[in-house]
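Asker: Here's my sequence, what's the structure:
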Amino acid sequence: MSWPDRHVLVAGARRTGIAAVDVLRYLGARVTVADGDPAQLDTLGERPVGRTQDMASVPDGVDLVVTSPGFRTDSPLAQAARAASVPMVGEPELAWWLGDDPAVCPDGPPRWLAVTGTNGKTTTTTMLEAILRAAGEDTVACGNIGLPVVDALRAGHRVLAVELSSFQLEWSPSVRPYAGAVLNLAEDHLDWHGSMAAYGAAKARVLRGEVAVGGLDDREAAALLLAAPAPRHVGFTRGEPAPGELGIVDGHLVDRAFGDRVVLAEVTDVAPPGPPGEANALAAAALARAHGVPPEAVADGLRAVAPGPHRGAVVAEAGGVRWVDDSKATNPHAAAASLAAHHRVVWVAGGLLKGADVADVVVAHRGRLAGAVVLGRDRAVVAAALRRHAPEVPVLDVGGGDDGPVSEPEHGTDGMLRAARAAATLARPGDTVLLAPAAASMDMFRDYAARGDAFAAAARTVAGGVGPHGAATTPDVETSPTP
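Answerer: Numbers count the residues shown, from 1 in each chain. Below you'll find the predicted structure:
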């Protein structure tokens with residue numbers, strides 16, 4: 001396509017939107033940027049682009065819309081684009097097209113190794129990048145992990161470790177990574193996709209390249225792998241692998257897909273430790289091995305990985321009580337994995353459940369719950385599941401989340417401090433106070449990172465007042481047990 005002849009509407013003026021603007025301007029396209037927040041439009045600075053706060057129509061002459069991933073397919077802008085017969089795609093799709101443009105990729109398109117799933121995407125992508133670096137590849141982690149894919153292309157990297165969300169995949173109809181992995185699939189974003197089938201169909205788009213990788217210990221992911229159109233299927237399991245699979249044997253990660261029982265690493269090389277980390281490491285190893293990485297690079301890469309923030313970090317410890325921030329557990333599937341890593345837990349949960357059900361989490365882990373503190377808009381749903389399936393577990397409701405989405409992380413700070421103080425009244429020596437919300441954060445916080453930071457600060461405040469029996473010595477907030 002001839003970009004100087006194109007007029008492109010970029011929807012959203014945040015990081016991916018600005019990256020799209022810059023590459024399109026570089027290619028000579030005429031660009032208009034739409035964002036309902038005038039402060040975001042101001043971040044465009046002196047860029048010579050059109051600007052509009054109208055998010056419900058497509059300007060005359062526009063022949064392509066590049067959207068930020070949060071726009072639903074039934075949003076007013078998407079409906080307007082369809083009515084005007086104007087294609088609407090995401091930034092990863094734009095990057096896929098530009099791989100064939102010598103003005104952006106003079107050495108030809110890079111190889112994409114893609115990761116998706118309900119949980120573990122960022123950890124797996126980080127592991128994959130580290131393994132590729134250990135093998136000497138010119139690589140970078142990009143996509144949903146933070147760096148826009150178009151920026152990774154423009155930097156000239158030859159192998160891309162691409163994290164893709166279901167939103168990004170929904171807007172990327174032609175992306176076909178050389179190798180793609182679906183880690184797992186559980187209820188999440190059903191309010192956005194409309195159904196579990198639609199959510200799974202979006203995730204399955206990474207399995208259309210040369211090599212499809214899937215988690216065999218997850219029924220839904222295994223089903224997507226079985227149905228994948230890729231010519232080669234590779235499964236991974238925490239059990240002993242069959243031919244064509246990666247798995248664990250006697251404490252070692254073993255490859256029976258790209259080698260004959262090739263030992264790749266020791267389980268002790270994996271961080272974070274435990275079942276989720278091991279599964280993520282196997283998925284990363286499968287993608288790297290699909291690219292041709294030697295076995296020794298897998299171990300070297302895994303040993304170089306440090307867990308990311310808000311993923312099971314111990315943020316305070318006093319009076320025999322540990323305080324753990326797993327704010328990244330933004331859905332029930334992730335919360336279940338987080339709870340499974342601890343023996344006796346005071347569970348801090350709640351937020352925006354996005355249509356997901358927490359009953360299975362409560363049933364599976366009620367035996368380890370010393371108590372629960374619920375906060376956020378959907379806290380009543382969590383409390384109801386606890387009353388129904390674990391009536392012996394004390395539950396404290398600290399409110400919060402009733403004022404709608406917010407942009408400032410300070411909005412929920414007081415609520416998190418109430419939650420920490422309430423949790424301290426339930427915790428005893430040997431317990432873990434665990435923030436694993438099973439829900440999104442935007443009812444009280446800007447994002448999950450702001451929520452985790454608020455929890456860490458509250459934990460450190462409260463831990464200073466923890467008495468010899470584990471209970472808070474001076475709780476100064478009223479909490480009420482749920483009936």
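Asker: and Gly209, what element?
Answerer: Under the criterion DSSP states H and E, no helix or strand holds Gly209.
Asker: domains of this structure?
Answerer: 3-86, 96-303, 313-481 (automatic domain parsing).
Asker: so where's the stretch 51-200 of the chain shaky on pLDDT?
Answerer: 187-194 (pLDDT under 70).
Asker: Next, count neighbours for Pro437.
Answerer: 35 (other Cβ atoms under 10 Å). Where you see a C-beta, it was placed from the backbone N, CA and C, and this is true even at glycine.
Asker: Could you verify that it is part of a strand?
Answerer: No. Counting by DSSP: H, G, I helix; E, B strand; the rest coil, Pro437 is not found in a strand; it is coil.
Asker: May I have the residues that are in contact with the closest residue to Arg133 other than its chain neighbours?
Answerer: In this structure, Arg133 finds its nearest non-sequential neighbour in Thr139, 6.0 Å apart by Cβ to Cβ, 6 or more residues apart in numbering. Going by Cβ atoms under 8 Å, 6 or more residues apart in numbering, Thr139 touches 129, 132-133, 157-161.
Asker: which among these end up buried?
Answerer: Applying 16 or more other Cβ atoms under 10 Å to those, the neighbour count classes 129, 132-133, 157, 159-161 as buried.
Asker: Between those residues, which sits nearest Thr413?
Answerer: Checking the buried ones among the contacts of Thr139 against Thr413 by Cβ to Cβ gives Glu129 as the nearest, at 33.1 Å.
Asker: quick one, strands of the stretch 151-300 of the chain?
Answerer: Using DSSP state E, counting those that start in this stretch, the strands of the stretch 151-300 of the chain run over 159-163, 179-182, 211-215, 232-236, 245-249, 252-255, 262-266.
Asker: Quick one, which of those gets closest to Asn144.
Answerer: When these are compared by Cβ to Cβ, strand 159-163 sits nearest Asn144, at 4.2 Å.
Asker: contact partners of the closest one?
Answerer: 92, 110-116, 121-122, 124-125, 128-129, 132, 137-145, 149, 152-153, 177, 287, 291.
Asker: thinking again about what came up before, how about TSV for the strands of the stretch 151-300 of the chain, with distance to Pro275 added?
Answerer: Putting those into TSV (distance: least, Cβ to Cβ, whole Å) gives the following:
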stretch	distance to Pro275
strand 159-163	21
strand 179-182	17
strand 211-215	11
strand 232-236	12
strand 245-249	10
strand 252-255	13
strand 262-266	16
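Asker: contacting residues around Gly464?
Answerer: Gly464 neighbours (Cβ under 8 Å, 6+ apart): Ala318.
Asker: Report the spatially nearest residue to Ala439, omitting neighbours in sequence.
Answerer: Gly351 (3.2 Å).
Asker: ok, the one you found to Val175 distance?
Answerer: For Gly351, the distance to Val175 equals 30 Å [Cβ to Cβ, to the nearest Å].
Asker: And for Ala257?
Answerer: Between Ala257 and Val175 the computed distance is 23 Å (Cβ to Cβ).
Asker: try Tyr199
Answerer: 17 Å.
Asker: Check Asp447 too.
Answerer: Asp447 is 25 Å from Val175, by Cβ to Cβ.
Asker: Of the two, which one has the most company?
Answerer: Between Asp447 and Val175, counted using other Cβ under 10 Å, the more crowded position is Val175 (26 against 16).
Asker: how about the more buried one, what does it touch?
Answerer: 92-93, 96, 112, 114, 164, 169, 205-206.
Asker: wait, which of the buried ones among the contacts of Thr139 is closest to Ala20?
Answerer: Distances from Ala20 to the buried ones among the contacts of Thr139, taken by Cβ to Cβ, are shortest for Leu160, at 16.5 Å.
Asker: do you know how far that closest one is from Leu287?
Answerer: For Leu160, the distance to Leu287 - Cβ to Cβ - is 11 Å.
Asker: Need the overlap of contacts for those two.
Answerer: Leu113.
Asker: Need the pLDDT of Pro481.
Answerer: Predicted confidence (pLDDT) for Pro481: 44.
Asker: Contacts only, for the residue nearest to Asp255 when sequence neighbours are not counted.
Answerer: Distances taken as Cβ to Cβ, 6+ apart put Val262 closest to Asp255, at 4.4 Å, once the chain neighbours are dropped. Residues counted as contacts of Val262 (Cβ under 8 Å, 6+ apart) are 254-256, 295.
Asker: 10 Å instead, please
Answerer: Neighbour list for Val262: 246, 252-256, 289, 294-295, 298 [criterion: Cβ atoms under 10 Å, 6 or more residues apart in numbering].
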